[in-house]
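Novice: sequence and predicted structure below; questions after.
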Amino acid sequence: MQQYFQNFEYEIKINIYKYIDFPLNLALTCRNWSVISKDAYAKTEWLLVRYGKSHALFHAVRLGPTFIDIPVCKTLITRKVPISRYFIQRLLMHFGKYDQKLIELKIEHNVGQLDADRIRAFQQKIKSPWASNLPYSCSLIY
């Protein structure tokens, strides 16, 4: 009977946690909330309430390696969170190396000179590619 109430208490805390605007502040209050804030299920619930199913993965990656890890990725997969088109575009635009020949062909055939200059300026402006600090192990899961 006592185990039932402990599980019930944990579920109540997760339900509170998922509606908090800044969960880090709650995690710093005591050890119990710190444990909740590290729980993959609680993180996933918070993402789903805060950003919705379509954007949960994007924001998990945006929050960085202190937030996303293997258990969070697995929980997102279990919850059937879609990989949004915008998320894929951001990864392709910022993650890894650019295929310069492909970019030149795209510029040559799809956009005017003004747009081409703007694309080149944008590429040079990027210093740290988005999601470049994501652990490789997390990217292998999806």
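Specialist: Arrived safely. Only a predicted model underlies this, so the values are computations on that prediction, with no experimental measurement involved.
Novice: what is the helix or strand encompassing residue 46 packed up against?
Specialist: Here residue 46, judged by DSSP states H and E, is contained in helix 40-51. With contacts taken as 3 or more C-beta pairs under 8 Å, 6 or more residues apart in numbering; DSSP states H and E, helix 40-51 sits against helix 2-17, helix 56-63, helix 70-78. Heads up, the C-betas are built off the backbone N, CA and C, glycines and all.
Novice: just the angle between the last one and helix 56-63, please?
Specialist: The directions of helix 70-78 and helix 56-63 differ by 160 degrees, with axes from the mean of the first three to the mean of the last three C-alpha atoms, to 10 degrees as the criterion.
Novice: and what of the first one?
Specialist: With the same axes, to 10 degrees as the criterion, the two stretches helix 2-17 and helix 56-63 enclose an angle of 80 degrees.
Novice: pull the residues that contact the helix or strand following helix 2-17.
Specialist: Counting by DSSP H and E, the next helix or strand C-terminal to helix 2-17 is helix 23-27. Helix 23-27 is contacted by residues 17, 20, 33, 34, 36, 37, 38, 46 when judged by C-beta atoms under 8 Å, 6 or more residues apart in numbering.
Novice: try 10 Å this time
Specialist: 13, 16-17, 20, 33-38, 42-43, 46, 50, 66-67 (C-beta atoms under 10 Å, 6 or more residues apart in numbering).
Novice: with stretch 76-87 instead?
Specialist: Applying C-beta under 10 Å, 6+ apart, the set of residues contacting stretch 76-87 is 40-41, 43-45, 47-48, 52-62, 68, 73, 75, 90-91, 131, 141-142.
Novice: buried residues, the helix holding residue 46. List them.
Specialist: Neighbour-count burial for helix 40-51, counted by 16 or more other C-beta atoms under 10 Å, picks out 40, 41, 42, 43, 44, 45, 46, 47, 48.
Novice: many thanks, I have nothing further to ask.
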